[in-house]
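Trainee: Everything below, folded, please.
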Amino acid sequence: VSLSGIFVVSDAIVLRFARERIYQDTQDTAVLYQKQMDNDLDRIDNYLYMIMSQNSSFIRLSYMKGTDQAWYSPVSILGRELTNSIYNYKAEAFYDYIPAEDTLILGTNSTIPFGEVKQIVKDTIRVSEHSSWMLVEVNEEWYLMRLLQCDNQYLGAFVRIRTWLEENGEKGSESHYFCLTGEDGRILGDVNSEIYLDENQFDAPYSVEYVEEMKCLVVRRKLEKGPFYLTSITSYASIEQVTRTLKLALAAAAVLVVLIWIILYVLVRKSILQPVTTITDALSEVTAGNLEQRIPVHSQSQEFQTMAKTYNIMVSEIKDLKINVYEQQIAHEKGKIIWQRREEEKRRRTGGSAISDHTAFYDQLPEHGKPADGVRRAGACEKTSPGAQRSPSVCSFLRENRTACGGALSCGKLCCLVRHSISGQPAGRD
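Mentor: Next up, the predicted model:
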C-alpha cells in the first residue's frame, strides 16, 4: 500500500511540497539579508550622529558664515572626512547641506551628479518629514536617502540600491533574485520600468503573482529602517523543475525500496524460511513413519545446523530402537512356536501328561531366559529342590535347553515353580 501511495501522489501535492520547501529556504535567506541591510543602515545612522556631535569642522560651520575668511577651511576638511568614510560604509555618498549659504558639501567616490543631488536634498527638505530613510531617484537609479537636521545644517547619506544588494551577496538570476519594493508594491529596479506587485498580499507569508507575465513565487520582509520591503522573486519554472526532480527522486526511492524488499525476502527465505520448511517436512515424514528422512547440515545459521544434527541423531536412535523392538518380537514369536511344537511332540510321546498350557508358561519366562533360536542344548538339569517332583515334559525341556533357565532361576527352583503352578498349590519358600 505504501509503495502504491508513492506512485499515485498527485502533482498538486508534490508541487505544494516543493513550494513550501522553497518558501522556507527563501524566507531564511531573506531574514539574513534583512538583518544585514538593517545593520548597514544603522551603522550609517550612527556615523551621521557621531559627525553632528563630535566633528569639529561640522560644529564650526554651524556658527560661521560664507563671508568669513576661515569658512573654506572647515568645508574642505569636512568634505575630505566624508569622502574617506565612504570606504567604511556601504554608502554611495555623504553630504552636508547648509541652506543659509546654499552650500552642499558632498563626499563620494562615484559619478553621482552634484547638481542633481543638491536639488534632491533641497526638494526633500521642503516636502518631507525626513524621519527615516527614503526612496529617491538619482541619475535614473534608485537610492535610499537619509536626511538629519542639526541647527541650520542637514547631514545625510545616499545608498545605491543595486550596489547595496550586490554587496550583500545577491547576484541574482532570471529565475530567482532579490529586490526592494515600495509600499505601493513597485519593484525598485529599473526606474523606467513600472512593475508592481499586489500590495494586498504584503501581509501574507508568500504569494503567487505574475511579474512581467511570468508566474512567480513572491516572499517579502519589511525592513525596520524605512517604508520598503526586501522582496524575493522566484520563477515558477524553477519550482516546477524542483518538482520534476522530486518526482524522479520519489520514483528512484520507490524502486530502491522494491529492490531492498526483494533482496530481504530472498535472504530471509534462504536463511530462515527454507531451513524451517525443510525441518517441518522432515518431521511430517517421521510422523508418516518414514525414518529414512535426513536433513542436510549445510545451513548458514548455527542454530539451524544444531537443529538438523539433533534431528538426524533423534531419527537414527528411533530407527535403531524400532529395529530392536521388532527383533525382540520376532524372537519371542519364533521361540513360542518352537516351544509349542516341541511340547506337542513330547505330549504325543508321553500320552498327554505334559503341561496343559505351554504358551502361558513360556510367556512367564524372563526375556533373557527365553531361547533365541529355540534349540540350544547344554546338558541335563541336575539339581532340584528337596522333595520336588518334576514333570517329565518340563524336565525334558530343561535338560535340552539348559541356557533357558540359567540366568534367572536354578533348574530345581524352576521345576518346583512349574509344578506348583500347574497343580494350583502355593509354592514354598524355594
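Trainee: Can you tell me the SS state at the residue nearest in space to the middle of the chain?
Mentor: Centroid-nearest residue in the chain: Val257, 12.1 Å away (criterion: C-alpha atoms, centre = their mean). Secondary structure, DSSP: H, G, I helix; E, B strand; the rest coil: Val257 is helix.
Trainee: So it versus Leu264, what's the distance?
Mentor: Distance of Val257 to Leu264, computed by C-beta to C-beta, to the nearest Å: 10 Å. Yep, even glycine has a C-beta here, placed from its N, CA and C like the rest.
Trainee: So, low pLDDT: which residues of this protein?
Mentor: Residue ranges of the chain with pLDDT under 70: 1-12, 128-129, 168-174, 190-192, 299-300, 351-430.
Trainee: So which residues of it form strands?
Mentor: Assigned by DSSP state E, the chain shows strands spanning 93-98, 103-108, 134-138, 141-150, 153-160, 176-182, 206-211, 214-222, 228-235.
Trainee: need those in JSON lines with mean neighbour count and distance to Asp42, can you?
Mentor: Putting the strands of the chain into JSON lines (neighbours: other C-beta atoms under 10 Å; distance: least, C-beta to C-beta, whole Å) gives the following:
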{"stretch": "strand 93-98", "mean neighbour count": "24", "distance to Asp42": "16"}
{"stretch": "strand 103-108", "mean neighbour count": "19", "distance to Asp42": "20"}
{"stretch": "strand 134-138", "mean neighbour count": "17", "distance to Asp42": "16"}
{"stretch": "strand 141-150", "mean neighbour count": "21", "distance to Asp42": "11"}
{"stretch": "strand 153-160", "mean neighbour count": "23", "distance to Asp42": "12"}
{"stretch": "strand 176-182", "mean neighbour count": "20", "distance to Asp42": "17"}
{"stretch": "strand 206-211", "mean neighbour count": "16", "distance to Asp42": "27"}
{"stretch": "strand 214-222", "mean neighbour count": "19", "distance to Asp42": "15"}
{"stretch": "strand 228-235", "mean neighbour count": "23", "distance to Asp42": "15"}
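Trainee: Let's have those strands in a markdown table, adding distance to Ala249.
Mentor: Formatted as a markdown table, those follow (distance: least, C-beta to C-beta, whole Å):
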| stretch | distance to Ala249 |
| --- | --- |
| strand 93-98 | 50 |
| strand 103-108 | 51 |
| strand 134-138 | 43 |
| strand 141-150 | 41 |
| strand 153-160 | 42 |
| strand 176-182 | 21 |
| strand 206-211 | 23 |
| strand 214-222 | 21 |
| strand 228-235 | 20 |
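Trainee: Minimum distance to Tyr196: which of those strands has it?
Mentor: Closest to Tyr196 of the strands of the chain, according to C-beta to C-beta: strand 176-182, at 8.5 Å.
Trainee: ok and the closest one relative to strand 206-211, angle-wise?
Mentor: Orientation check (axes from the mean of the first three to the mean of the last three C-alpha atoms, to 10 degrees): strand 176-182 against strand 206-211 gives 90 degrees.
Trainee: Render the CA-only coordinates of strand 176-182 in PDB, please.
Mentor: C-alpha atoms of strand 176-182 as PDB (Å, rounded to 0.1, in the frame of the first residue of the first chain):
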ATOM      1  CA  HIS A 176      15.500  33.900  -8.700                       C
ATOM      2  CA  TYR A 177      16.600  37.400  -7.400                       C
ATOM      3  CA  PHE A 178      16.100  39.800  -4.500                       C
ATOM      4  CA  CYS A 179      14.900  43.400  -4.900                       C
ATOM      5  CA  LEU A 180      13.400  46.200  -2.900                       C
ATOM      6  CA  THR A 181       9.800  47.200  -3.300                       C
ATOM      7  CA  GLY A 182       8.000  50.300  -2.100                       C
END
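Trainee: Between strand 228-235 and that strand, find me the angle.
Mentor: Using the same axes, to 10 degrees: strand 176-182 against strand 228-235 is 150 degrees.
Trainee: If I take strand 176-182 and strand 214-222, what angle do their directions form?
Mentor: Using the same axes, to 10 degrees: strand 176-182 against strand 214-222 is 60 degrees.
Trainee: residues contacting Leu15?
Mentor: Residues in contact with Leu15, defined by C-beta atoms under 8 Å, 6 or more residues apart in numbering, are Ile239, Glu240, Thr243.
Trainee: now do Ser207
Mentor: By C-beta under 8 Å, 6+ apart, the neighbours of Ser207 are Leu197, Asp198, Gln201, Leu217, Val218.
Trainee: What's the local residue count around the second one?
Mentor: Put plainly, it is Asp198. 13 (other C-beta atoms under 10 Å).
Trainee: Check the gap between the residue lying closest to it once chain neighbours are set aside and Thr234 for me.
Mentor: Ranked by C-beta to C-beta, 6 or more residues apart in numbering and with sequence neighbours excluded, the top spatial neighbour of Asp198 is Glu209, at 5.6 Å. Distance of Glu209 to Thr234, given as C-beta to C-beta: 11 Å.
Trainee: Repeat that for Gln34.
Mentor: 17 Å.
Trainee: shouldn't Asn139 be in contact with Glu116?
Mentor: Yes: using C-beta atoms under 8 Å, Asn139 makes contact with Glu116 at a distance of 6.2 Å.
Trainee: Mind naming the longest helix for the chain?
Mentor: Assignment by DSSP state H gives helix 302-350 as the longest helix of the chain.
Trainee: Can you tell me which helices and strands that one packs against?
Mentor: Helix 302-350 is packed against helix 274-287, helix 358-364, helix 392-400, with contacts defined by 3 or more C-beta pairs under 8 Å, 6 or more residues apart in numbering; DSSP states H and E.
Trainee: in the longest one, what's buried?
Mentor: Right, helix 274-287. Pro275, Thr278, Ile279, Ala282, Val286 (16 or more other C-beta atoms under 10 Å).
Trainee: Quickly note the distance from the second one to Lys319.
Mentor: In other words, Thr278. 19 Å.
Trainee: wouldn't Thr181 be in contact with Gly189 here?
Mentor: No: contact between Thr181 and Gly189 fails when scored by C-beta under 8 Å: they sit 9.5 Å apart.
Trainee: Could you let me know which of the contacts of Leu15 ends up closest to Gln302?
Mentor: For these, the nearest to Gln302 is Thr243 (50.8 Å; C-beta to C-beta).
Trainee: So for that closest one, what's the nearest residue that isn't a sequence neighbour?
Mentor: Ala18 (4.7 Å).
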